[in-house]
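A.B. asks: let me see the structure of the following:
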Amino acid sequence: MTEGITFNEALDLARLHGPPQILALVEWARSVREEQGPQVDLCSIVNARSGSCSEDCAFCSQSAHHDTDVATYPMMSTQEILRHAEAAEQAGAHHFCIVTAGKALSDRDFETVLEAVRLIKEKTRLERCASLGLMTPERAKALRKAGLSRFNHNLETARSHFPAIVSTHSFDDRVTTVKALKEAGIEACTGGILNVGETDRQRVELAFELKALEPESVPINFLNPRPGTRLANVKPMDPWEAVKWLAIFRLVLPDTIIRLAGGRVESLGLMQECGFSAGVNGLLIGNYLTTVGPRPEEDLALLRRLELDVSRPS
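C.D. replies: Down below sits the predicted model:
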């Protein structure tokens, strides 16, 4: 395992400002990513149960604590989930993630997910992923037995900032879930969301709290302020700042998949190519949970222009 930069080195890099300094950092991060090869890990998701969430995450339009116009519906059927998976495979995804709103699933909804995972394994070549809230060791083992290979459970933000973002569960609840999944043999897709009021130091804290969990994939989301949420009036992150932090996360986590996820269009804008040059080697393609993303063919064309490999791993 490659060591990566230290906490204090990351803090020093956080002070970089302006295109010349950040471009030099980008080049460093690009050279580190290239040691992993040109492969880009492509994931697509389905919002299989939407809205009416009891949790109060400050950024989320699916929270019942916020007054938003997000679509609300119960758990999709297994066949509906399978149709979304088949469309994702056709669009070029390597992984497919079943996502549900809420702190945890009822036994009935959990059984639906287990059956959907089995169907996707049988009917497609996709790797199976899920994001289902908090997870017990018993449920983690059941998911692994059904054929789940990866589970997304983000820390969201640094431990020191977490109470300002979520009050209905704890940072340790999230860490416990990630550890239970890894103990069951499921890969961890664990990242966070930037620009939710945290300081530069707290972003570095998050990077090292993630590193301690040894996730296989780290999705980096940028806040896309949603009307009706507590963070609705926050301005999107400056593109150069977004690129800088992608590079810093790459240098802290040199052997991990760094995945561009939600809010990338709003924060990076025309600088998405620079974002990939900053060390990104994973991408969420297609639509997000409650917002529309670029068309998958546009993303694949961008990656090919950068001479990155979007083929399915053998």
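
A.B. asks: CA only for contacts and neighbour counts going forward, please
C.D. replies: Fine.

A.B. asks: please save the CA atoms from the biggest strand by length in the chain in CSV.
C.D. replies: Taking DSSP state E as the assignment, the strand of the chain that covers the most residues is strand 41-49. Provided in CSV are the C-alpha atoms of strand 41-49 (Å, rounded to 0.1, in the frame of the first residue of the first chain):
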residue,chain,number,x,y,z
ASP,A,41,-14.5,2.7,-12.6
LEU,A,42,-18.0,3.6,-13.7
CYS,A,43,-21.1,3.3,-11.5
SER,A,44,-24.8,4.0,-12.0
ILE,A,45,-27.5,4.2,-9.4
VAL,A,46,-31.2,3.9,-9.0
ASN,A,47,-33.2,5.8,-6.3
ALA,A,48,-35.2,2.7,-5.4
ARG,A,49,-37.1,4.3,-2.5
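
A.B. asks: buried residues in the helix or strand that that strand is followed by?
C.D. replies: Next in sequence after strand 41-49, counting helices and strands by DSSP states H and E, comes helix 78-91. For helix 78-91, the neighbour count (16 or more other C-alpha atoms under 10 Å) marks T78, I81, L82, H84, A85, E86, A88, E89, A91 as buried.

A.B. asks: can you redo these as CSV with distance to M135 and pLDDT?
C.D. replies: Conversion of the buried residues of helix 78-91 to CSV gives the following (distance: C-alpha to C-alpha, whole Å; pLDDT from 0 to 100):
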residue, distance to M135, pLDDT
T78, 20, 97
I81, 21, 96
L82, 23, 97
H84, 24, 94
A85, 23, 95
E86, 26, 95
A88, 25, 93
E89, 27, 95
A91, 30, 92
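
A.B. asks: could I get those residues as TSV with distance to G228?
C.D. replies: As requested, the buried residues of helix 78-91 are arranged in TSV below (distance: C-alpha to C-alpha, whole Å):
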residue	distance to G228
T78	31
I81	28
L82	32
H84	28
A85	31
E86	33
A88	30
E89	34
A91	32
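
A.B. asks: hmm, which two among these are most spread apart?
C.D. replies: T78 and A91 (20.0 Å; C-alpha to C-alpha).

A.B. asks: can you tell me the element A301 falls in?
C.D. replies: With secondary structure defined by DSSP H and E, A301 is part of helix 296-305.

A.B. asks: report the distance from that helix to the chain centre.
C.D. replies: In terms of C-alpha atoms, centre = their mean, to the nearest Å, the gap separating the centre of helix 296-305 from the centre of its chain is 19 Å.

A.B. asks: got it, and stretch 4-16?
C.D. replies: Relative to its parent chain, stretch 4-16 has a centroid offset of 22 Å by C-alpha atoms, centre = their mean.

A.B. asks: so for that stretch, mean pLDDT?
C.D. replies: Stretch 4-16 shows a mean pLDDT of 98.

A.B. asks: likewise stretch 233-247?
C.D. replies: Confidence over stretch 233-247 (mean pLDDT, whole number) is 96.

A.B. asks: with stretch 93-103 instead?
C.D. replies: Along stretch 93-103, the predicted local confidence has a mean pLDDT of 93.

A.B. asks: list of residues touching it?
C.D. replies: Taking contacts as C-alpha atoms under 8 Å, 6 or more residues apart in numbering, the residues outside stretch 93-103 that touch it are 41-55, 62, 75, 81, 85, 88, 113, 125-134, 151, 285, 289, 312-313.

A.B. asks: and the end-to-end length of that stretch?
C.D. replies: This stretch, stretch 93-103, spans 27 Å end to end (C-alpha to C-alpha, to the nearest Å).

A.B. asks: buried set for that stretch?
C.D. replies: A93, H94, H95, F96, C97, I98, V99, T100, A101, G102.

A.B. asks: picking up where we left off before, mind giving me the PyMOL command for buried ones among the contacts of stretch 93-103?
C.D. replies: The following PyMOL selection, which keeps only the buried ones among the contacts of stretch 93-103, applies the criterion 16+ other C-alpha under 10 Å:
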select buried, resi 41+42+43+44+45+46+47+48+49+50+51+52+53+55+62+75+81+85+88+113+126+127+128+129+130+131+132+133+134+151+285+289+312
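
A.B. asks: can I get the buried residues of stretch 93-103 in a markdown table including distance to A29 and secondary structure?
C.D. replies: A markdown table is the format used below for the buried residues of stretch 93-103 (distance: C-alpha to C-alpha, whole Å; DSSP: H, G, I helix; E, B strand; the rest coil):
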| residue | distance to A29 | secondary structure |
| --- | --- | --- |
| A93 | 25 | coil |
| H94 | 24 | coil |
| H95 | 25 | strand |
| F96 | 27 | strand |
| C97 | 28 | strand |
| I98 | 31 | strand |
| V99 | 31 | strand |
| T100 | 33 | strand |
| A101 | 34 | coil |
| G102 | 36 | coil |
